[in-house]
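Chemist: Kindly generate the corresponding structure for this input.
(one chain, ligands or ions: 2)
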Amino acid sequence: MISRKLKVIRKTWYTQEIFGFEFDYPGIHPMPGQFFQIQVDEGIDPFLNRPISVASYKATRLLLIIKVVGRGTRMLGEKSTGEDVTIFGPFGKRFNPRKKKSLLVAGGIGIAPLHFLAEHLYSNKIPFDLVYGVRTTKDFILKKEMRRMCGKSLFVAEQGFARKETAVSVIRRMRMEDYEVVYSCGPKQMLIEMQKLKLPVPVYAFCEDFLGCGCGLCLGCAIMCKHEYKRICVDGPIFELREIDFEV
Ligand SMILES: Cc1cc2nc3c(=O)[nH]c(=O)nc-3n(C[C@H](O)[C@H](O)[C@H](O)COP(=O)(O)OP(=O)(O)OC[C@H]3O[C@@H](n4cnc5c(N)ncnc54)[C@H](O)[C@@H]3O)c2cc1C
Ligand code: FES
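Modeler: Ligands and ions are numbered 1, 2, ... in the order given. Prediction:
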């Protein structure tokens, strides 16, 4: 495990709750789905590091995008450009996306790792479309960047647009024959609803549930997959959706 103390080169607030840190991170080139563990504070409180996916990596510039949901992310949000942050990683299996026409399905902050996947697909000239759902229209981030890279894009919200939609309600009506693979990241409930659709193509889910140690030791992140327990932090975080048993 590599730990590095890095200076925040740029901090950007995308919305009132979502901000990004950019770091110079030469060396290991992370792959889509991989994540870093961020130390919230130099002391021992909060004790656990917070897992955050890679949202972009270009020419050693690493971008992590964080939604403030609790104490740890709030404390991180108080750090400014020029301050030091210690990160560990990258963690998670190196995942090679398929070279096939893809559909990306994002829910909320799930757009962050899918943006990194989109960069990878785009630079490898693999076509893809996007469905991106949020709670309210104020929650959209990276809209311009995603539009530039993808073919068709559909942005939907539960509040703020005349038509109330979720990513899943859109997928339900779509012609899946147009795609050979689907990648999805969002709240657990969204993944559960996606699974119920039984789409006729492989769906890879980026699982961003709770972690403990983040390095395979505590089993705090175990999920049932293909009838055995898998650890999100080292065996994932990407799993084939139909193989996950969310009820265990
Ligand atoms: C592999 C992985 C990648 C992730 N990538 C990102 C990312 O790119 N950007 C981002 O903003 N977040 C990401 N997350 C989620 C992020 O790690 C948590 O939101 C964060 O750890 C919460 O810390 P906190 O101290 O602010 O909240 P806490 O005080 O620990 O919790 C506050 C509230 O948030 C809920 N919560 C905490 N963690 C999670 C979680 N993982 N899933 C659902 N609810 C949670 C708690 O139940 C509680 O209600 C990722 C998680 C994993 C496992
Ligand atoms: S978080 Fe400890 S084993 Fe995965």
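
Chemist: Look at the closest residue to Arg10 other than its chain neighbours and give its secondary structure.
Modeler: In this structure, Arg10 finds its nearest non-sequential neighbour in Glu22, 4.4 Å apart by Cβ to Cβ, 6 or more residues apart in numbering. Just so you know, the C-beta spots here come from the backbone N, C-alpha and C atoms, and that holds for glycine as well. What DSSP: H, G, I helix; E, B strand; the rest coil gives for Glu22 is strand.

Chemist: Number the chain from 30, please
Modeler: Got it, the first residue is 30 from now on, which makes the last one we talked about Glu51.

Chemist: distance of Glu51 from ligand 1?
Modeler: 14 Å (Cβ to the nearest ligand atom, to the nearest Å).

Chemist: Surely that residue is in contact with Leu91?
Modeler: Yes. With contact defined as Cβ atoms under 8 Å, Glu51 reaches Leu91; the gap is 6.9 Å.

Chemist: Pick out whichever of these two has more residues nearby.
Modeler: Leu91 (24 against 20; other Cβ atoms under 10 Å).

Chemist: what helix or strand does Gln66 sit in?
Modeler: Under the criterion DSSP states H and E, the helix or strand holding Gln66 is strand 64-67.

Chemist: roughly how far out does the lengthiest helix in the chain sit from the chain middle?
Modeler: For the chain, the helix reaching the highest residue count under DSSP state H is reported as helix 140-152. Helix 140-152 sits 10 Å away from the centroid of its parent chain (Cα atoms, centre = their mean, to the nearest Å).

Chemist: is that helix anywhere near ligand 1?
Modeler: Yes. Counting by Cβ under 6 Å from any ligand atom, ligand 1 has neighbours in helix 140-152: 141-142.

Chemist: which residues are in contact with that helix?
Modeler: Defining contact as Cβ atoms under 8 Å, 6 or more residues apart in numbering, one finds that helix 140-152 is touched by 59-62, 64, 81-87, 93-94, 126, 131, 133, 135, 156-157, 159, 161, 170-171, 174-175, 178-179, 212, 214, 235, 237.

Chemist: among the residues you listed, which ones are buried?
Modeler: Listed as buried from these are 59-62, 64, 81-86, 93-94, 126, 131, 133, 135, 157, 159, 161, 170-171, 174-175, 178-179, 212, 214, 235, 237; burial here means 16 or more other Cβ atoms under 10 Å.
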